[in-house]
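S.K.: next comes the sequence, and after it the predicted model I'd like to discuss.
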Amino acid sequence: MGKQLEGQIALITGSSSGIGAAIAVAMGKAGATVVVNHHSDKSLKGAEEVLNTIKAAGGNGVIKQCDTSNEEQVKQMFAEILAQFGTLDIAVANAGIQQDASFLDMTLEQWNKVIATNLTGQFLCAREAAREFKRRGVQPERSRAAGKIICMSSVHEVIPWAGHVNYAASKGGVKLLMQSMAQELAPYKIRVNSIAPGAIKTRINEDAWDTPEDEKKLLELIPYGRVGIPEDVAKVAVWLASDESDYVTGTTLFVDGGMTLYPGFADNG
Ligand code: NAD
């Protein structure tokens, strides 16, 4: 049997670190040619390490720098991908940030920055991907779908999060962005889904698990009894991008060790 994503081109935004990096490596191992998107000069080194890991495992890919919240840069990145590879099969809108502040102190700048990266950036990348998927249509030798879009959401698309209203609002927005895109794009055989991670060990949430005390406190929220790792999410992303999940669209897959099961109620509330 061939690899699940053999012959397909996959863009993963924000894949120079964390969850995106793990998805890039996993999709490369699954046979996809991977476009490793990174944000700025500072993240080039991370992107190079990711591409080296993919190549060392026998895979292939390229690096593209782009601020995914910038329409011109997103259009330019897609133009380059299409010029280089002719088309695209998988788009993972993963890039995201946190800029935390209490609601009373949150500045408009903090609000705008997070919404621009986490929500508008996903809109821009998904739109360019969907345009290409619709143009090309289904080619059965590539995949049963014309294209696959995976949005990186969070348990905070459903769990309110004081001190992080910009982040929670962005992920709540991703939920209905994803579902509305899925509804509109299904007739074109474009599948759109979200992954909602719980607590995954990356730099975005380092201060929640970097000491034993912090990790113990965090584990109170996780019935399954361990903090997640990026590979937990990457495996799910490969499945969602593959034909194994061909009848799955418009769904959020929670990868959270049960964080959304309201563990506070486990002992009679
Ligand atoms: P991370 O900080 O390692 O990854 C975020 C990536 O996005 C970085 O590589 C960063 O350079 C990139 N990025 C930021 N702004 C960008 C922009 N404008 N253009 C392009 N790239 C940009 O953290 P992570 O945990 O891997 O986060 C990845 C995604 O997973 C985010 O969307 C985050 O909200 C989501 N998430 C993470 C967790 C977790 O526990 N780690 C939980 C739920 C959701």
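M.R.: Looks like it came in fine.

S.K.: enumerate the residues of this protein near the ligand.
M.R.: By C-beta under 6 Å from any ligand atom, the part of the chain that sits against the ligand consists of 13-14, 16-20, 39, 43, 67-69, 94-97, 117, 121, 152, 154, 197, 199-200, 202-205. Where you see a C-beta, it was placed from the backbone N, CA and C, and this is true even at glycine.

S.K.: now the helices for the stretch 1-150 of the chain?
M.R.: Taking DSSP state H, counting those that start in this stretch, the helices of the stretch 1-150 of the chain run over residues 18-29, 44-56, 71-85, 108-115, 121-136.

S.K.: so which of those helices is the most packed in?
M.R.: Comparing the helices of the stretch 1-150 of the chain by mean neighbour count (mean count of other C-beta atoms under 10 Å), helix 18-29 ranks first with a mean of 27.

S.K.: need the contact partners of that helix.
M.R.: Contact with helix 18-29 is made by 3, 5, 10, 12-15, 34, 36-37, 46, 49-50, 53-54, 57-61, 90, 92, 94-95, 152, 197, 200, 202-204, 229-231, 233-235, 237-238, 241, as judged by C-beta atoms under 8 Å, 6 or more residues apart in numbering.

S.K.: report the distance from that helix to the chain centre.
M.R.: Taking C-alpha atoms, centre = their mean, to the nearest Å, one finds helix 18-29 lying 10 Å from the centre of the chain it belongs to.

S.K.: how about that helix as PDB, C-alpha atoms only?
M.R.: Provided in PDB are the C-alpha atoms of helix 18-29 (Å, rounded to 0.1, in the frame of the first residue of the first chain):
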ATOM      1  CA  GLY A  18       5.200  23.400  17.800                       C
ATOM      2  CA  ILE A  19       2.100  21.700  16.400                       C
ATOM      3  CA  GLY A  20       2.600  22.900  12.800                       C
ATOM      4  CA  ALA A  21       6.200  21.500  12.800                       C
ATOM      5  CA  ALA A  22       4.900  18.100  13.900                       C
ATOM      6  CA  ILE A  23       2.200  18.200  11.200                       C
ATOM      7  CA  ALA A  24       4.700  19.100   8.500                       C
ATOM      8  CA  VAL A  25       7.000  16.200   9.500                       C
ATOM      9  CA  ALA A  26       4.100  13.700   9.800                       C
ATOM     10  CA  MET A  27       2.600  14.700   6.400                       C
ATOM     11  CA  GLY A  28       6.100  14.500   4.900                       C
ATOM     12  CA  LYS A  29       6.500  11.000   6.200                       C
END
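
S.K.: that one to helix 44-56, inter-axis angle?
M.R.: Here helix 18-29 points in a direction 30 degrees away from that of helix 44-56 (axes from the mean of the first three to the mean of the last three C-alpha atoms, to 10 degrees).

S.K.: start and end of stretch 204-221, how far apart?
M.R.: 18 Å (C-alpha to C-alpha, to the nearest Å).

S.K.: list the buried residues for it?
M.R.: Neighbour-count burial for stretch 204-221 flags 204-205, 209, 218-219, 221 (criterion: 16 or more other C-beta atoms under 10 Å).

S.K.: among the residues you listed, which pair sits farthest apart?
M.R.: With C-beta to C-beta as the measure, no two of the buried residues of stretch 204-221 lie farther apart than 204 and 219, at 18.2 Å.
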